[in-house]
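Asker: whatever this is, show me its structure:
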Amino acid sequence: MERLHSSDAMPAHLRGSIMALGNFDGFHAGHQAVARRAIERARAEGRPAIIATFDPHPMRLFRPDTPWFRLTTLDQRERLFARAGADAMLLFDFTRELAALDPLSFVRMLAQDWGVAGVVTGQDFTFGKDRAGSIQSLAELGASMGLIAEAVAPVTGEGGEVISSTRIRQALKSGDCATATRLLTRPYTIEGMVQHGDKLGRTIGFPTANVDMGHYLRPAYGIYAVRGLLPDGRILDGAANLGIRPSFDPPKELLEPHFFDFAESLYDQVIEVQLIHFLRPEAKFDGLDALMAAIAKDCEDARQILAGMPHLA
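Answerer: Alright, predicted model coming up:
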């Protein structure tokens, strides 16, 4: 799959595409429905299928002090889009110049500059300066330029709630991994390079692979049953502390997975860590023995939980 940027010209072989258009952070079940419809339409018409996303998120541009809330990196989105069947990912460089475009100029950019033949969005999609453009105006403006627009209805979960990135963030902040997994259709996954740390874990028999949280949403601090995905394709079960390690000084925010029955070095490798189940909140212990006993129990609890969990990519 190709990765395109909005600052570049659209390659000739990708003109005439059907484009799924949205932010798609998380690429949850609702996003997947939009992408699926765009790809179905592209295949039926013999056209390329492109999934477009924005970076940075519009909220990050206009409210830069907002706490980190990202559910997926661009690299993760690219892999998810490819798995969905897209031919390319178009990355909109979300700048103030792009945000200032009026709806007509935005649609003209799609239809004329990039040669898009059709756009599929969610029903709540807005665009243009002050979010003045709607799915209705997209259809009306596009019709005069030969661009067809289609909106996909929201997807609802088992409880009838609309599936959204906001709902997933709320679940993760409360430690509800099961709901997040159901809405995402896969576990919430943090990807990062394994860093050298203070190596305290190995001195007490629980070595960890330290991963910086970067720009990801901060889920509930605590201990999780996790699965690690290594670059070579291996999948490891483990338990992880996500938080500031209150038993150690100085505090430092990290995701620290300990993988069971694994002793290889992972330093400087990029791994993925799936949050499968929230075990307990972070706690400060009186002494090393109490800490080691708690970690041992966490690991045993995580083993029991993961033994009954299928692997979800």
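Asker: would you map the helices across the stretch 101-250 of the chain?
Answerer: 103-108, 135-143, 165-173, 177-184, 200-203 (DSSP state H, counting those that start in this stretch).
Asker: correct me if wrong: residue 152 contacts residue 121.
Answerer: Yes - judged on C-beta atoms under 8 Å, residue 152 makes contact with residue 121 at a distance of 7.3 Å. C-beta coordinates here come from the backbone N, C-alpha and C atoms, glycine included.
Asker: between those two, what contacts are shared?
Answerer: Taking C-beta atoms under 8 Å, 6 or more residues apart in numbering as the criterion, residue 152 and residue 121 both touch residue 34.
Asker: rewinding a little: out of the helices of the stretch 101-250 of the chain, which is the most enclosed?
Answerer: Ranked by mean neighbour count, those are led by helix 177-184 with a mean of 21 (mean count of other C-beta atoms under 10 Å).
Asker: packing partners for that one?
Answerer: helix 165-173, strand 188-195, strand 270-281 (3 or more C-beta pairs under 8 Å, 6 or more residues apart in numbering; DSSP states H and E).
Asker: among those, which is nearest residue 306?
Answerer: Among the helices and strands packed on helix 177-184, strand 270-281 comes nearest to residue 306, with 6.4 Å by C-beta to C-beta.
Asker: just want the angle from the closest one to strand 188-195.
Answerer: 120 degrees (axes from the mean of the first three to the mean of the last three C-alpha atoms, to 10 degrees).
Asker: can you pull out the strands in the stretch 201-313 of the chain?
Answerer: Assigned by DSSP state E, counting those that start in this stretch, the stretch 201-313 of the chain shows strands spanning 210-211, 222-229, 235-243, 254-259, 270-281.
Asker: ditto for the stretch 51-200 of the chain
Answerer: Using DSSP E, counting those that start in this stretch, strands in the stretch 51-200 of the chain cover 88-93, 118-122, 148-152, 188-195.
Asker: the strands of the stretch 201-313 of the chain into a markdown table, with extra columns for distance to residue 41?
Answerer: Formatted as a markdown table, those follow (distance: least, C-beta to C-beta, whole Å):
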| stretch | distance to residue 41 |
| --- | --- |
| strand 210-211 | 39 |
| strand 222-229 | 32 |
| strand 235-243 | 35 |
| strand 254-259 | 39 |
| strand 270-281 | 31 |
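Asker: for these, which one sits closest to residue 193?
Answerer: strand 270-281 (5.1 Å).
Asker: list the contacts for the residue sitting nearest the centre point of the chain?
Answerer: The centroid of the chain falls nearest to residue 72 when counting by C-alpha atoms, centre = their mean (2.1 Å). The contact partners of residue 72, taken as C-beta under 8 Å, 6+ apart, are 25-27, 80.
Asker: picking that back up, closest one to residue 5 among the helices and strands packed on helix 177-184?
Answerer: Of those, the one closest to residue 5 (C-beta to C-beta) turns out to be strand 188-195, at 21.0 Å.
Asker: next, the buried residues of that closest one.
Answerer: 188-192, 194 (16 or more other C-beta atoms under 10 Å).
Asker: now stretch 15-25
Answerer: 16-25.
Asker: ok, now stretch 49-57?
Answerer: Those buried within stretch 49-57 under the rule 16+ other C-beta under 10 Å are 49-55, 57.
Asker: dump stretch 282-294 to PDB, restricted to CA.
Answerer: Taking C-alpha atoms only, stretch 282-294 is exported to PDB below (Å, rounded to 0.1, in the frame of the first residue of the first chain):
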ATOM      1  CA  GLU A 282      -1.000   1.300  40.900                       C
ATOM      2  CA  ALA A 283       0.000   1.000  44.600                       C
ATOM      3  CA  LYS A 284       3.000   1.900  46.700                       C
ATOM      4  CA  PHE A 285       4.300  -0.900  48.800                       C
ATOM      5  CA  ASP A 286       6.200  -0.900  52.100                       C
ATOM      6  CA  GLY A 287       9.400  -2.600  51.200                       C
ATOM      7  CA  LEU A 288      10.800  -4.800  48.500                       C
ATOM      8  CA  ASP A 289       9.300  -8.100  49.800                       C
ATOM      9  CA  ALA A 290       5.800  -6.700  49.600                       C
ATOM     10  CA  LEU A 291       6.400  -5.400  46.100                       C
ATOM     11  CA  MET A 292       7.800  -8.700  44.900                       C
ATOM     12  CA  ALA A 293       4.900 -10.600  46.300                       C
ATOM     13  CA  ALA A 294       2.400  -8.300  44.600                       C
END
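Asker: my guess is residue 14 meets residue 2, correct?
Answerer: Yes - using C-beta under 8 Å, residue 14 is in contact with residue 2, at 7.2 Å.
Asker: okay, now the domains of the chain?
Answerer: 2-152, 165-307 (automatic domain parsing).
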